[in-house]
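Student: for reference, the sequence and a predicted model appear below.
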Amino acid sequence: MLNNPPILICADLQIEYLTEGRSHVIGDAEAIMSLCQRLMMHWRDNLWPVMHLKRIAQAAWFNPASNLTNWIAEFKPQPGELSFEHPLPSAYSSTRFAEYMANIRGLNCVLAGFSLDETILATVVEGFHRSHRYEVLTDAVACRRAAVGEAASYKNAVINVMGHFAGLRVSGDVMQARQISCGSR
């Protein structure tokens with residue numbers, strides 16, 4: 001087993017991002033979900049830590065009875081996995097998350113999931129200013145804003161900005177590197 005395995009942080013894998021009429025995910029949401037599912041299975045198979053972020057808005061328009069913030073069924077946290085609810089875009093708006101991250105310095109964290117232009121961007125920027133380092137898996141993230149014709153350039157612009165605050169990797173390289181580090185299973 002790997003001595004210091006990275007933490008896989010799954011951001012906002014909630015029903016809201018796939019609900020018809022509300023889904024404006026840039027790129028193929030099904031492909032992103034499939035890749036996130038493979039990442040999660042890889043982490044779980046190796047008994048590496050998995051963390052889940054869930055955005056729960058506190059705005060006046062937020063309906064807490066809605067099921068839109070529920071987990072996508074395949075991504076529900078399992079026993080032993082951490083989950084944090086955060087009211088603002090940055091996961092650090094959760095006091096529990098901020099305290100947890102302050103106590104695990106030196107560990108590598110990789111991010112995947114939805115809300116690239118909200119939760120993931122805000123979290124890596126705030127983490128950077130707290131001396132926490134993240135890697136974003138650019139092929140396993142999606143954002144949901146932008147005009148249809150500008151979707152790819154918008155996502156690329158967000159990723160380019162993020163590159164100033166976090167490492168940028170692709171999921172295949174991360175899974176292959178981790179598998180080589182601990183040997184094939």
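Tutor: Yep, it's here.

Student: hey, let's count contacts and neighbours off CA atoms from now on
Tutor: OK.

Student: low-scoring pLDDT stretches of the protein, where are they?
Tutor: 1-3, 17-28, 58-69, 144-149, 177-185 (pLDDT under 70).

Student: redo that, cut-off 80
Tutor: Where the chain drops to pLDDT under 80, the residues are 1-4, 14-30, 57-73, 105-107, 144-152, 176-185.

Student: now the element after the longest helix anywhere in it, going C-ward?
Tutor: Longest helix of the chain, by residue count under DSSP state H: helix 29-45. Per DSSP states H and E, the first helix or strand lying C-terminal to helix 29-45 is strand 50-55.

Student: could you pull out the strands for this protein?
Tutor: Secondary structure of the chain by DSSP state E: the strands cover 7-11, 50-55, 82-86, 109-113, 134-141, 167-169.

Student: reformat those as CSV; add mean neighbour count and distance to residue 158.
Tutor: Listed next are the strands of the chain as CSV, based on neighbours: other Cα atoms under 10 Å; distance: least, Cα to Cα, whole Å:
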stretch, mean neighbour count, distance to residue 158
strand 7-11, 23, 16
strand 50-55, 22, 19
strand 82-86, 19, 21
strand 109-113, 25, 14
strand 134-141, 23, 10
strand 167-169, 17, 12
